[in-house]
Every structure is written in C-alpha cells, then in structure tokens.
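Student: Attaching a predicted model along with its sequence, questions to come.
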Amino acid sequence: MQLYNTLSAKERETLIEQAGKERLTISFYQYAHIGNPTIFRNHLFIHWNELDVLGRIYVAHEGINAQLSVPAENFKAFKAHLDSISFLNDVRLNIAIEQHNKSFLKLKVKVRKKILADGLNDATFDVTNKGVHVNAKRFNELIEDPNTLLVDMRNHYESEIGHFKNAITPDVDTFRDSLDIIEKDLESFKEAKNLVMYCTGGIRCEKASAYYKHKGFKHVYQLEGGIIEYARQAKDQNLENKFVGKNFVFDHRRGERISEDVVAQCHQCGKPCDTHVNCANEACHLLFIQCEACAAKMNDCCSNGCKEIHGLPYEEQKRLRKGKSVSNKIFKKGRSEVLKFKK
Ligand SMILES: [Zn+2]
Ligand SMILES: [Zn+2]
C-alpha cells in the first residue's frame, strides 16, 4: 500500500498539464480529538491519493488543518469522504477565488504536535471559549462602528500586500509575537471596545479570540472563514468589499487578488507592486516583493551577491553551499538589509 508521495514536483507538474483538467484549491481546518493521528493520517492519504488530491495537510491530536487541491470532477467524491468522517461532516470548506491548477504539486499529510504552530500552551487558558464568529455582512457593519478596533492576526509579509481598510497590522514575523504586541497596544480598551480580528482562513483567530478573552477583552469577534470566505460572500451577496489588495496564501499562487488596489511596493525599486517571489539563489530563497523590471535586471535574485552565485555553474553553487546549512533564508520572510524599499 502506498502511503507516501512518489512523484517529484516536476513529474507532477507534467501530469497536471497533460490531464488538462480543472482543479479546485480548497482549505479547511477542524479542532477535534483524534486518538491516533498516525492511523488517521494514513487513512486520509490512501483515500485522497486515490482521488488525486494534492496539498499540505497537518494532523494532530487536536485536529486537522488542510490546504489542498482536488480535480473538479472528484470534488463530490472528496466531499462525500469528508462527510463520512464524523468530525468533518459538513466542515466549512474555503474555496479559493482565483483557481490555479498548480497550487500544490505533492500530497503531504503530516502528523504534528499541533495543527497551528501558535507557540501557546493551551493548558493555560480555555481554548473553547472563543470569540463570536461573524459573517461578511456582520463584519462590514462591525468594522464601521467607531467603537471597534480591527486587528489583522497575520504576519507582516501577509498584510503588506493586502488588508482590510483601517486595520491594525502588527509588524511581526510570527503569530505568537502578534498576540503580545496587540495585547500591549490595546490594553486600555479591553472593556470598552469591540476587538474584531481576521486572518487568512480563520484558524489563527480560533486561538487568538480565546486567548484575548482569557486576557480580559470583553467584546471579541472573529471573521468566520477568514479573508477567503469573506471574499466569496462579498461577491455572492454583492456586499461592499472592504479588503484592499491581495490575500497572501501558502501555496504556489502566493496570493489571490481580492481588489485591484496594489498596496505594496517592489522591495528593490519602490514602484507599486505586490508580487511575492523567492530569490532564485537556492542558498538564499528569501521571500520578497519584486517587480518584473527588477526581476529581469537582478536575474530573479534579491541581491548582487545572490545574482553572482546564481550565475555560477550548478556544481560550483553546490560546492559553495556545502556545510552552510543556515545560509538559506527561506524562513526570513521579507526581512533583509538588502531590500531597500521594504517598509
Ligand atoms: Zn522593482
Ligand atoms: Zn537572495
């Protein structure tokens, strides 16, 4: 029985092209008690591999967090399989607005300690005492209320390319950091103001809202289904879209456009741009915003140093990387002194 991915990303890309079929990009999460995450993981892999599902799925004792793509023609079977699992029956699926057949190229189902790396000790507060979930319509009303503080629970590189108008967007690298900074900044409003929060698909707010209630905030609200679901509801119900720019997503699309506004700038020349790229130097891989002109000039790299290395023969590059396991900046998202126009 096959329990792991056997195709390389390149082979998969070719297969997707050859099949020429439409795929849907979907995400969902569910907190639930899973007795044996490994058995559950294998069960998912076997069924989803058969349905040609691709994606990144985390399974833990506390639940499941999934981002994936499925061929449109298999969607019904996929949904039926979800519904056959008690705690996933009728789970809300966030379906991407901008579809891209190559959003994922592998099926990776991983067992983790937690489904969201939130850095919190759940035993110290009641994680089930969450904020009030609101839909897009109610969210729009709430954020117009002068008594509301609107907080973006995502990291700096996410809110940089798109966010709700008038939202507080903490300049943080991790979810854990944002929790403390927001608490400190909003300390004096704990009782009087509405604390309204949002994130990409809702999962971060599930924890954040419970955390802030535990910290004494009295009126805590969270956008159900996050930006992804908001955009869908706003479109379907013809509501005013109060989100400007792009929604950063964690797959090959990198972001989906929600409004035509470009709120960020190229980190190299400062011109309006909201396209995230990874530096082409494999030893670097820094995530940053780069316009087409700079990409051409810099050979897809973040700096002259990387451009030089990227231009060397591959064997030479490998020799240079040897023994330098920490040189890769893949986790330093958008942070580097070489980026002159990073705000
Ligand atoms: Zn540029
Ligand atoms: Zn670089």
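Tutor: Sure thing, it's come through. Ligands and ions are numbered 1, 2, ... in the order given.
Student: got the contact list for the spatially closest residue to His276 that is not a sequence neighbour?
Tutor: In this structure, His276 finds its nearest non-sequential neighbour in Arg254, 4.6 Å apart by C-beta to C-beta, 6 or more residues apart in numbering. C-beta coordinates here come from the backbone N, C-alpha and C atoms, glycine included. By C-beta atoms under 8 Å, 6 or more residues apart in numbering, the contact set of Arg254 is Phe248, Thr275, His276.
Student: gap between Tyr314 and Asn36?
Tutor: 43 Å (C-beta to C-beta, to the nearest Å).
Student: whoops, Leu149 was the one
Tutor: 42 Å.
Student: Please convert the contacts of Arg254 to TSV, extending it with distance to ligand 1.
Tutor: Listed next are the contacts of Arg254 as TSV, based on distance: C-beta to the ion, whole Å:
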residue	distance to ligand 1
Phe248	19
Thr275	10
His276	13
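Student: Select from those residues the one having the most neighbours.
Tutor: Greatest neighbour count in the contacts of Arg254, by other C-beta atoms under 10 Å, goes to Phe248: 24 neighbours.
Student: Would you agree that one is in contact with His156?
Tutor: No. Using C-beta atoms under 8 Å, Phe248 makes no contact with His156, being 10.4 Å away.
Student: Give me the number of neighbouring residues for Gln18.
Tutor: 8.
Student: what's the answer for Lys165, then?
Tutor: With other C-beta under 10 Å as criterion, Lys165 counts 12.
Student: residue ranges of the strands in the chain, please?
Tutor: 23-31, 54-60, 63-71, 94-95, 107-111, 132-134, 148-152, 162-164, 194-198, 219-223, 243-248, 255-257, 276-278, 287-289 (DSSP state E).
Student: Hmm, Val263 and Gly162 touching each other?
Tutor: Yes. Contact criterion C-beta under 8 Å: Gly162 and Val263 qualify, at 6.3 Å.
Student: more crowded one of those two?
Tutor: The residue with more neighbours, out of Gly162 and Val263, is Gly162; 25 against 15, by other C-beta under 10 Å.
Student: burial count for Ala231?
Tutor: Other residues close to Ala231 by other C-beta under 10 Å number 23.
Student: Please list all residues in contact with it.
Tutor: Contacts of Ala231 (C-beta under 8 Å, 6+ apart): Ile97, Asn241, Phe243, Asn247, Glu256, Ile258.
Student: who touches both of Gly162 and Val263?
Tutor: Val244, Gly245, Asp274.
Student: could you list every residue that touches Val59?
Tutor: Ile34, Pro37, Phe40, Arg41, Leu44, Val109, Lys110, Val111, Arg112, Ile115.
Student: Going through these, which ones are buried?
Tutor: Buried members of the contacts of Val59, counted by 16 or more other C-beta atoms under 10 Å: Ile34, Pro37, Phe40, Arg41, Leu44, Val109, Val111, Arg112, Ile115.
Student: pLDDT averaged over the helix ranked longest in the chain - what is it?
Tutor: When the chain is parsed with DSSP state H, its longest helix is helix 37-50. Helix 37-50 shows a mean pLDDT of 97.
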